[in-house]
Structures are given as C-alpha cells and as structure tokens.
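> pasting a predicted model and its sequence here:
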Amino acid sequence: MRFSTPLLPAILIRRYKRFLADIRFADGTEATAHVANPGAMTGLAEPGTHIWVERNDDPKRKLRYSWQLVDHRTGHFTCVDTSLANRVVAEALAAGRIPELAGYDQHRPEVRYGERSRVDFLLSGEGRPDCFLEVKSVTLSRVAGLAQFPDAVTARGARHLHDLAQEVHAGHRAVMLFLVMRTDITHAGIATDIDPAYGAAFEAATRAGVEAIAYDCVIDPEGVAFGEQLFVQV
C-alpha cells in the first residue's frame, strides 16, 4: 500500500484529544494533524518525536494533514494510522501472501456477525468452512523486539474474541491476525497487564479454537507493505 501523496517530515509538538496532534515543519510553520489512532500510543507520542505526515487537499476534510509514521531515527518506522491495517491485509489476501489463509477465493470485508460486531474479513472457499478473520493493528513495544496488544483497555476487542469463539463453536474457522505496524519487532504477545479482561478473553478464545497469527510490516515514507510471520508469545 503506497501513500497517495508524498509524506512530509515534521516534529510532534503534542498529541491531544486522541485524534489531534500539533506539528511543526522544518521551516517553522505549525499545523494541526489528524491522528487515526484511538489507542494510548505509548512511547510514540512524546513531544519532539520525528514524524511523517500526509497532506490532503480534500475540501471536505477539516484538517489538511494526517499523521502516518513515527521515524525512530534508527532506520526503523512505526505506522500509527490504524485505519491502514485492513488495507494492508486486503492486499496481502489478494496476493496470496498469507499461507495460513490460502485457498479462500472470496474475501468479504466488514461483515456483520455475533453480538453487535463486524468481522474485518469473511473468507470463503469451496469445500472448506467459512473463516472469520479479525485484524488488529499493533504498535506498542515496551521491551526490545516485543510488540503487544492492546495498548489500552478495549472492551470491544474482548467482545470480538468472544464472538470469534462462538463462530468456532458453530463449526466455522476463526483467526485473529495481529498486524505489527513497526519494523523493529521479532515477536508479538498480549499486554495482559494493561487489560486483564482482554488477556482472559484471548486465553479463552484460543482454548476454544480461535487461531492467533502475527505478521510484521515493511514500512518507509513511500508506503506500508505486508511483511513476515512473527512468533506469537502466549
């Protein structure tokens, strides 16, 4: 997935109200950017952080810029725009990049199921049970090489796990795909200390037969692409 317009480097002044960030460009001009991330963004939103933003000239949008990347200044990047995760996975599904999900010729996005939920993708193929695929964007890293989900309490995320388990009981297949949108990670896990209820729901879901897989991303200011499989630490 390539960004629609070239990204611009900036410095983060502050993030506030979850979806807003004040930024400063190299020439000293300041602007407010949209932050497409409802999470805590722990370790990613400190004032002075080097970031990359996308300019948008759509007159229907209130803010001209969208914050896309954190530049760790080590050759590594984190994509903070959680709305891109499903686009990256959709491209990977279409290209047959996910071996665990091979053999499904239909990939329907945003299908209603369970208790007030929408599954990110419903996969179907002749001669096999439907597969309910939920995608989670992962950006939290508190230990070198380890990415964890969630970075904040998420009752909605726990409900998704319950609904996926119900689909397994009904004879379908259910997969939780953790898409790690950082380039400095070797394995992924659950941040049970941040959200014990989510941790318990994840344990119950995997016992019920929900599969958990994780992949990283290839990220730079040109775009975000589906990467390689990561070990899931449970």
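Looks like it arrived, so ask away.

> show the pLDDT at the one residue sitting closest to the centre of the chain.
With distances taken as CA atoms, centre = their mean, Ser137 lies nearest the centre of the chain, 1.4 Å away. With respect to pLDDT, Ser137 scores 98.

> and what of Gly114?
On the pLDDT scale, Gly114 gets 75.

> please apply the same query to Asp184.
97.

> host element of the residue nearest to the centre of the chain?
strand 128-138 (DSSP states H and E).

> direction included, what does that strand pair against?
strand 117-125 (antiparallel), strand 173-180 (parallel) (DSSP bridges).

> beyond it, next helix or strand please.
Downstream of strand 128-138, the next assigned helix or strand under DSSP H and E is strand 140-143.

> determine the set of other helices and strands touching the lengthiest helix in the chain.
Assignment by DSSP state H gives helix 155-169 as the longest helix of the chain. On a contact count with 3 or more CB pairs under 8 Å, 6 or more residues apart in numbering; DSSP states H and E, helix 155-169 meets strand 117-125, strand 128-138, strand 173-180, helix 196-208. C-beta: built from backbone N, CA, C; applies to glycine.

> how big is the angle separating that helix from helix 196-208?
10 degrees (axes from the mean of the first three to the mean of the last three CA atoms, to 10 degrees).

> may I see the buried residues of stretch 225-234?
Buried residues in stretch 225-234, counted by 16 or more other CB atoms under 10 Å: 225-227, 230, 232.

> one step back: what I need now is the helices and strands packed on helix 155-169 written out in CSV, including distance to His107 for each item.
CSV is the format used below for the helices and strands packed on helix 155-169 (distance: least, CB to CB, whole Å):
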stretch, distance to His107
strand 117-125, 5
strand 128-138, 8
strand 173-180, 12
helix 196-208, 22
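
> output the host helix or strand of Glu110 as CSV, nothing but the C-alphas.
Element membership of Glu110, judged by DSSP H and E, is strand 106-113. Output of strand 106-113 as CSV, limited to C-alpha atoms (Å, rounded to 0.1, in the frame of the first residue of the first chain):
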residue,chain,number,x,y,z
GLN,A,106,-13.7,-14.8,-1.6
HIS,A,107,-12.6,-12.1,0.9
ARG,A,108,-15.6,-10.0,2.0
PRO,A,109,-14.8,-7.0,4.2
GLU,A,110,-16.9,-5.7,7.2
VAL,A,111,-19.5,-8.5,7.5
ARG,A,112,-21.9,-8.3,10.5
TYR,A,113,-21.8,-11.2,12.9
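
> re earlier: neighbouring contacts of the strand holding Ser137?
Strand 128-138 has contacts (CB atoms under 8 Å, 6 or more residues apart in numbering) with 82, 84-86, 89, 101, 103-104, 113, 119-124, 147-150, 157, 160, 164, 167, 171-182, 188, 214.

> give me the angle between that strand and strand 106-113.
Taking the same axes, to 10 degrees, one finds that strand 128-138 is oriented at 80 degrees with respect to strand 106-113.
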